[in-house]
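Asks: need a 3D model of the following:
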Amino acid sequence: MAPVTRIVLLASVVVTTPLSGQNMGSADVDALPAASPTLIQNYGTDSLQFGELRLPSGLGPFPVAVVIHGGCWTKGYATLRNTAPLATALAEHGVATWNIEYRQIGDPGSGWPGTFQDWGAGFDHLRELAKTYPIDTARAFVLGHSAGAHAALFVAARPKLEASSQIRGQTPLRAAAAVAIDGPGDIKGMIGRDEEVCGRAVIIPLMGGAPEAAPDRYRDASPFEILPINVPQYLIASAVMTVDEANRYRDRAVSGGDVVAIFAPVGGGHFDIIAPGSAVWQSIESFILHALLG
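Replies: Model prediction:
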C-alpha cells in the first residue's frame, strides 16, 4: 500500500556539568514552540503509524535522525508532540528529523510485537522518504527519550536479530549511531522500577508476559541482551537511566567491541533534558550534535 501523505565514536566517558534544573514536566515540553513539519506521512496502515519530517534550510542531502518520544510505553503519557521541539532544534542545526508516532499500551495492536514493529517500520521508512526528499540514509541516526531511548537502542540493535524474529523486519536499515536520552537499555531490569517511574507496571504488559514465561521475547526486545550491536551508542544518564545503569550497559557493550559514550548532566530533570531553552539544553544539544555530526 502506498504511504498516505499529508503536506502541511568516541572513548567511553562520563561527563558531568554543574547546571541548575528547572523541573519541567511533560506538559511543559509539549507547550514549547515547534516548527511546522515539511511533511506528515504514514509509514503503515494504522492511524498511529505516521511521522513528521522536518528539513533544514539548504539543498542537502542531509543527515537524518529518527526521533522517538517516550511516555512509559503507554497511551496517555506522551505523543510525538513531546519531541517536536527537540526535532525542530536539530533541524535548525542541519539535521533532518523524522519524528514518529507509534502504538502504545492501550492502543489496538500495541505491545508485543506491534510496538516494536512500529519502531522498526518507522525507521525503515526513511528509504521511502529518501526517494523524494534530500535525506541521506547512509547517515541515518536514531534518537529517543525515556521509553523512546529503549526504542532507539532496539532499532540500532535490530539487524542482529535472527531473520525469524517477529520484531526484526525483513531488511532493517542500519543506524549510523543511536542516542538514548534517559531511558533503559535493559527492559528486564526495569521490571519493578517501572512502577516507581511510571506509576504502574508497564514492562510485563508491553511484553505480554514475564521473562520466565517469554524469555525469547525479552532476549529480542532488550538491547542489553543483544550487545554488542556494532553501532556507536550515546547515552544520556539522568533519572530513568542512572549513571550506574549507564555504566553497566557501557561495560557490557565495550567488552564486545562497541563504542559507547555517556553524558550525565547535573541538575537537569527528566524533561528538562529534551527541552530547548532549558538550563541544561545547550550541553545536551552539543552532546547530541557530536553524536550525529562528529
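
Asks: and residue 195, how many neighbours?
Replies: Residue 195: 13 surrounding residues under other CB atoms under 10 Å. Every residue, glycine included, has its C-beta placed from N, CA and C.

Asks: check residue 165 too.
Replies: So residue 165, with other CB under 10 Å, has 17 neighbours.

Asks: ok, it touching residue 220?
Replies: Yes: in this structure residue 165 lies within contact range of residue 220 using CB atoms under 8 Å: 5.1 Å.

Asks: before we move on, what SS does residue 262 have?
Replies: Put simply, residue 262 is strand when judged by DSSP: H, G, I helix; E, B strand; the rest coil.

Asks: beta partners of it?
Replies: Beta-bridge partners of residue 262, counted by DSSP bridges, are residue 14, residue 235.

Asks: and the strands in the stretch 51-200 of the chain, which stretches?
Replies: Remark: strands assigned in the stretch 51-200 of the chain by DSSP state E, counting those that start in this stretch are 62-68, 96-100, 135-145, 178-181.

Asks: how close does the closest residue to residue 166 other than its chain neighbours get to residue 208?
Replies: Nearest residue to residue 166 in three dimensions, chain neighbours excluded: residue 113, at 4.3 Å (CB to CB, 6 or more residues apart in numbering). If you measure residue 113 against residue 208 using CB to CB, to the nearest Å, the figure is 9 Å.

Asks: compare the two (neighbour count), which wins?
Replies: Per other CB under 10 Å, whichever of residue 113 and residue 208 has more neighbours is residue 113, with 19 against 12.

Asks: that one reaches residue 168, doesn't it?
Replies: No: using CB under 8 Å, residue 113 is not in contact with residue 168, being 9.8 Å away.

Asks: returning to that earlier point: let's have the strands of the stretch 51-200 of the chain in a markdown table, adding mean neighbour count, mean pLDDT and distance to residue 280.
Replies: A markdown table is the format used below for the strands of the stretch 51-200 of the chain (neighbours: other CB atoms under 10 Å; pLDDT from 0 to 100; distance: least, CB to CB, whole Å):
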| stretch | mean neighbour count | mean pLDDT | distance to residue 280 |
| --- | --- | --- | --- |
| strand 62-68 | 28 | 98 | 18 |
| strand 96-100 | 29 | 99 | 20 |
| strand 135-145 | 24 | 98 | 13 |
| strand 178-181 | 30 | 98 | 11 |
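
Asks: any chance of those strands in TSV, plus distance to residue 87?
Replies: Shown next, in TSV, are the strands of the stretch 51-200 of the chain (distance: least, CB to CB, whole Å):
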stretch	distance to residue 87
strand 62-68	5
strand 96-100	4
strand 135-145	9
strand 178-181	13
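
Asks: select, out of these, the one closest to residue 212.
Replies: The closest of these to residue 212 is strand 178-181. By CB to CB, the value is 26.5 Å.

Asks: for residue 245, phi and psi?
Replies: Here is the backbone geometry of residue 245 (degrees, to the nearest 10): phi -70, psi -40.

Asks: now residue 183: closest residue in space, sequence neighbours ignored.
Replies: residue 149 (2.5 Å).

Asks: thought residue 181 was touching the one you found, still the case?
Replies: Yes: counting by CB under 8 Å, residue 181 is a contact partner of residue 149 at 5.3 Å.

Asks: any shared contact partners between these two?
Replies: residue 236 (CB atoms under 8 Å, 6 or more residues apart in numbering).

Asks: coming back round to it: ok, which of the strands of the stretch 51-200 of the chain comes nearest residue 197?
Replies: Nearest of the strands of the stretch 51-200 of the chain (CB to CB): strand 135-145, 13.1 Å.
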